[in-house]
Structure formats: C-alpha cells, structure tokens
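>>> generate coordinates for the sequence data below:
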Amino acid sequence: MLDSGLIPIIFMVAVAIVVLSIFFSFVPVMLWISALASGVRVGIITLVAMRLRRVIPSRIVNPLIKARKAGLELDTNQLESHYLAGGNVDRVVDALVAAQRADIPLGFERAAAIDLAGRDVLEAVQMSVNPKVIETPVVAAMAKDGIEVKAKAKVTVRANIDRLVGGAGEETIIARVGEGIVTTIGSSNSHKDVLENPDSISQTVLNKGLDAGTAFEILSIDIADVDVGKNIGAQLQTDQAEADKRIAQAKAEERRAMAVAQEQEMKARVVEMKAKVVEAEAQVPLALSEALRSGKLGVMDYYNLQNISADTQMRQAFGATGSKQKSDLPDQDQE
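Reported below is the predicted structural model:
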C-alpha cells in the first residue's frame with residue numbers, strides 16, 4: 001500500500017500536468033519561440049488574444065514570418081483582419097513576395113481586395129510574369145460565297161492587376177474573340193481569302209480592343225487551325241428550292257381540288273337540266289290534250305305530228321345502225 005504522505009504529492013503532480021497541458025494547448029508557446037527565433041516580435045498575450053478571437057495563431061504568425069524574411073513590412077493586425085474577413089492570408093503573402101521579386105507594384109490592401117473578390121491573387125501575379133495561353137473552341141462562320149469556315153485560336157493574355165477587381169474573366173475573352181472570328185469570316189468575299197490570309201482574323205480581333213473591361217491584357221492572337229466546312233449557301237438554296245416545290249405542289253393540289261369540285265357542280269347542273277327537260281316533256285301530252293279539247297288543234301294535225309315523230313325516231317334508228325356497222329368494219333378487215 002502507498003504511504004499516506006505520497007498521495008497528496010501524486011495528486012499535486014497530476015493537477016500540475018493537467019494544468020500545464022491545458023496551458024500549452026491554449027497558449028502556443030512553440031509558435032512564440034519560432035517567431036522570436038525568426039526575428040518577429042509577437043507577444044504571448046497577443047497569441048492568447050488571437051485564441052480568444054477564434055483566430056488560429058499559426059495562420060497569422062507563419063505568413064508573418066515569411067513576409068519578414070522577404071523584407072515586407074506587415075503586422076499582425078493587417079493579417080488578422082484579412083483572416084477574419086474570410087481571406088486566405090498565406091496566399092496573399094505569397095503573392096506579395098512573388099510581386100516583390102518580379103518588381104511588380106502590389107500593396108497589401110490591393111492584394112487583400114483581389115483575394116476577397118474571389119480571385120487567385122497569387123495566380124494573377126504569376127500570370128503577370130508568365131502570360132497564359134487561352135485556347136478557344138472551334139468557331140464556325142460562313143463567308144459571303146456560302147462556304148463554312150471553322151477556325152480555332154490561341155489567345156495569349158497577361159493579368160492586369162489594376163483591373164482584377166471588377167474586371168471580366170476568361171469567358172468574356174473567349175466570347176469576344178469568337179465574335180471577332182465570326183465577323184472577319186463573315187465579311188470575307190470568299191472562303192479562299194481566309195485560307196490564304198488567316199492573319200486577317202488576328203488583326204481584326206486585335207484592332208477591336210477586346211480586352212477592354214477585362215482583368216487581362218491581350219498580347220497576341222494566333223490562329224491555330226482553319227478548316228473548310230459545309231457549303232451552307234448551296235444547302236440553303238436546296239432547302240429553298242424544296243420549300244418552293246412543296247408550295248407549288250400544294251397550290252396544284254388546291255387547283256385540282258377546285259377543278260374536281262367544279263366538275264361535280266357541272267354534273268349536278270346537267271342532272272338538274274335533264275330533270276327540267278323531263279318535266280317539260282311531261283307537259284307536252286297535257287298541252288296536246290288541252291289543245292284538242294279547246295279546238296286549237298285538229299285531229300289531222302295530231303296525226304301529222306305523230307307521223308313526224310315516228311319518222312324522226314326511224315331516222316335516228318337508221319343512223320345508229322349505220323354508225324355501228326362502220327365501227328365493225330375494221331374488225332372484219334382484221335379477221
């Protein structure tokens with residue numbers, strides 16, 4: 001069994017260990033020592049105050065050490081305020097160091113504003129030193145002769161740090177270059193002119209000042225590829241001819257339908273006229289009987305009328321028989 005005198009000592013040692021562990025976990029002593037070794041004067045109270053403000057001390061002290069070693073005059077208040085605003089302190093300090101090495105005028109306030117605007121300030125500084133090549137998608141346009149021309153360009157741009165805040169991005173550059181390509185091809189009299197001199201596209205696009213209002217400065221536009229596409233003019237003419245043919249067919253069908261309707265109408269009128277003739281013929285016997293009754297027509301006159309009618313029917317029968325015999329003669333000759 002343990003001696004009763006050792007129990008208080010063990011308890012005090014345990015309490016001391018717990019207190020020290022809590023102290024060292026809350027107070028970044030090692031970070032303070034690193035800052036002192038690097039020549040950065042940061043007090044323990046300042047580090048504890050960062051903890052109380054829910055700021056990770058290493059996110060402030062380490063970039064501060066990096067800045068001091070690079071010769072930048074920054075303080076903890078600047079870095080901490082940028083961190084609390086949601087910025088990336090380490091990236092801003094790296095951008096300031098890169099700008100100083102490349103002799104690019106860039107202050108902390110400008111770099112912090114670019115970072116808070118959602119831009120990658122370090123990439124912008126690197127792009128100012130090493131320009132970036134943006135490749136546009138294939139842009140198709142039609143020349144005046146109706147031939148389609150497809151072109152693809154490579155745009156060399158350099159970041160304009162003064163216009164990074166509020167300036168348009170790469171999508172705007174690509175859209176404007178595509179518009180310039182379409183304008184140049186569309187104004188060409190022949191697709192051969194574009195194939196012979198593709199530099200005309202670059203000159204037209206550059207003369208338009210397409211980098212205005214953007215975060216970039218266009219250095220050069222190079223046409224990477226030019227191909228001939230479809231004969232759009234001939235295809236449009238073919239489609240127009242097909243449409244005209246269908247219109248003509250529709251109009252012809254309309255005229256045919258009207259002719260058929262008119263023919264049916266004429267047949268109906270013929271039937272109507274025949275009905276009227278039959279109706280008129282039906283009135284003849286009645287008229288004859290009325291004439292005989294009233295004495296306007298005699299009996300001999302009636303018989304003469306009947307003889308004339310019979311003679312007419314006989315002549316018609318003879319004429320029909322003669323025409324039939326004539327139509328049978330070629331058949332007999334063939335036999």
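>>> name the next helix or strand downstream of the helix or strand of the chain with the lowest mean pLDDT, please.
Lowest mean confidence among the helices and strands of the chain (mean pLDDT, DSSP states H and E): helix 6-26, at a mean of 64. Next helix or strand after helix 6-26 toward the C-terminus (DSSP states H and E): helix 29-37.
>>> what's that following helix in contact with?
R41, V42, I44, L47, P57, S58, V61, L64, I65 (C-beta atoms under 8 Å, 6 or more residues apart in numbering). C-betas here are computed from N, CA, C, even on glycine.
>>> can you tell me which of these are in strands?
Among these, no member falls in strands (DSSP state E).
>>> out of those, who's nearest V177?
The nearest member of the contacts of helix 29-37 to V177, counting by C-beta to C-beta, is L64 at 42.4 Å.
>>> how long is stretch 68-79 end to end?
13 Å (C-alpha to C-alpha, to the nearest Å).
>>> show me where this protein has helices.
Applying DSSP state H to the chain gives helices spanning 6-26, 29-37, 44-52, 57-70, 76-84, 89-101, 108-116, 121-129, 170-186, 191-196, 199-207, 232-294, 299-334.
>>> same list (those) but as a markdown table, adding distance to T136 and mean neighbour count.
As requested, these are exported to a markdown table (distance: least, C-beta to C-beta, whole Å; neighbours: other C-beta atoms under 10 Å):
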| stretch | distance to T136 | mean neighbour count |
| --- | --- | --- |
| helix 6-26 | 54 | 10 |
| helix 29-37 | 49 | 14 |
| helix 44-52 | 47 | 14 |
| helix 57-70 | 38 | 19 |
| helix 76-84 | 36 | 18 |
| helix 89-101 | 28 | 21 |
| helix 108-116 | 26 | 19 |
| helix 121-129 | 18 | 20 |
| helix 170-186 | 5 | 18 |
| helix 191-196 | 16 | 17 |
| helix 199-207 | 10 | 17 |
| helix 232-294 | 21 | 10 |
| helix 299-334 | 84 | 10 |
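>>> just put those in CSV and tack on distance to D225.
Shown next, in CSV, are the helices of the chain (distance: least, C-beta to C-beta, whole Å):
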stretch, distance to D225
helix 6-26, 61
helix 29-37, 55
helix 44-52, 56
helix 57-70, 44
helix 76-84, 45
helix 89-101, 34
helix 108-116, 35
helix 121-129, 25
helix 170-186, 12
helix 191-196, 12
helix 199-207, 12
helix 232-294, 19
helix 299-334, 79
